[in-house]
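>>> got a predicted structure here, sequence first:
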Amino acid sequence: MKANFDIAAKTYDGTFTNSQIGRMQRQRVWDYLRKNFDNNKVLNILELNCGTGEDALFFAKSGHQIIATDISKEMIIVAKTKAAQAKLGERIQFKQLDIRDLNESTFNTTFDLVFSNFGGLNCLAPEALKLVSKQIQLCLKKEGQFIAVVMPDYCVVETVYFLARIQFSKMFRRKSKEPLAVNVDGEDVKTWYYSPKNFQEIFQEDFKLRQIQSIGFLPSYLEKKVQRFPFLKRLDERLFASGKFQASTDHYLIHLESKK
């Protein structure tokens, strides 16, 4: 049986990474990372659910050392190809890894930063996340940082979209207590949604909160709408600039610090 996202690896860059919505949201994540980390210090970074390697390349180009992991063998293959083409292989080590198998003995080092982008942790149930919290802390150095980009349990744009389509049953679908089967480029993936408050509570025994920031308000399935109606992107930019509505976005960034 193929791992989740093996099929998606073939199309992910086309449907998200290189889309207007994908580029806009990822740029905001990178802007946050540049702002909050000293570019003159080389960090040892562990990336969870690295996908096709876009963020690993960003970290390597910034001068950091990174171990990039993903459950999908096919995603890792795409990421390795990109790193080789960019001649950044010396700074990036790729490893196929299920987040749930992470433990302090997985690597022979500890990290300054553990990073997870674009909802990879939404694939885990709350009880699994609780265990992952412990393992992430064990992998970090003293006062190490953990940054995750997560999908919340409410997205205001999504609610308006389904209201306009008279699909009332989907307006608050993220509020479901059961995981949703979300189609990711041909694969149905069990997905849980976490408000910033709930996510923080799951990690609070091991981490203290540093910051929460909205990342993007437009779900990626609206890409064709954005191409047709440019005002939607301007609306997203205006909402982002307000610095509000962190709990009502498509993705938010949560920055935690180890209590170790």
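Perfect, I can see it now. Numbering: from 1, shown residues only.

>>> and Ile92, what is it in contact with?
Taking CB atoms under 8 Å, 6 or more residues apart in numbering as the contact definition, Ile92 lies against 53, 56-57, 59-60, 66-68, 83. C-beta here means a position set from N, CA and C on the backbone, and glycine is covered the same way.

>>> ok, what's across the strand from it?
Beta-bridge partners recorded for Ile92 (DSSP bridges): Ile66.

>>> one step back: of the contacts of Ile92, which pair is most distant in space?
Distance extremes for the contacts of Ile92: the farthest pair is Leu57 and Ile67 at 13.8 Å, using CB to CB.

>>> could you tell me the end-to-end distance of stretch 103-119?
21 Å (CA to CA, to the nearest Å).

>>> how about that stretch, which residues are buried there?
By 16 or more other CB atoms under 10 Å, the buried positions in stretch 103-119 come out as 106-107, 111-119.

>>> one more: stretch 167-176?
Here stretch 167-176 shows 171, 173-174 as buried, counting by 16+ other CB under 10 Å.

>>> what's the mean pLDDT across stretch 199-217?
Averaged across stretch 199-217, the pLDDT comes to 97.

>>> can you give me the strands in the stretch 1-150 of the chain?
Counting by DSSP state E, counting those that start in this stretch, residue ranges of the strands within the stretch 1-150 of the chain are 44-48, 65-70, 92-96, 111-116, 140-150.

>>> and these as JSON lines, adding mean pLDDT?
Listed next are the strands of the stretch 1-150 of the chain as JSON lines, based on pLDDT from 0 to 100:
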{"stretch": "strand 44-48", "mean pLDDT": "98"}
{"stretch": "strand 65-70", "mean pLDDT": "98"}
{"stretch": "strand 92-96", "mean pLDDT": "97"}
{"stretch": "strand 111-116", "mean pLDDT": "98"}
{"stretch": "strand 140-150", "mean pLDDT": "96"}
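
>>> make a markdown table from these and add distance to Gly243 to it.
Output for the strands of the stretch 1-150 of the chain, formatted as a markdown table (distance: least, CB to CB, whole Å):
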| stretch | distance to Gly243 |
| --- | --- |
| strand 44-48 | 26 |
| strand 65-70 | 29 |
| strand 92-96 | 33 |
| strand 111-116 | 22 |
| strand 140-150 | 17 |
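
>>> between these, which one is closest to Ile21.
strand 140-150 (13.5 Å).

>>> the closest one pairs with which strands?
strand 111-116 (parallel), strand 251-258 (antiparallel).

>>> dump these into TSV; add distance to Leu140 as well.
Formatted as TSV, those follow (distance: least, CB to CB, whole Å):
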stretch	distance to Leu140
strand 111-116	6
strand 251-258	5
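
>>> show the contacting residues for Gly51.
Gly51 neighbours (CB under 8 Å, 6+ apart): 5, 12, 17, 70, 75, 79, 117-118, 120.
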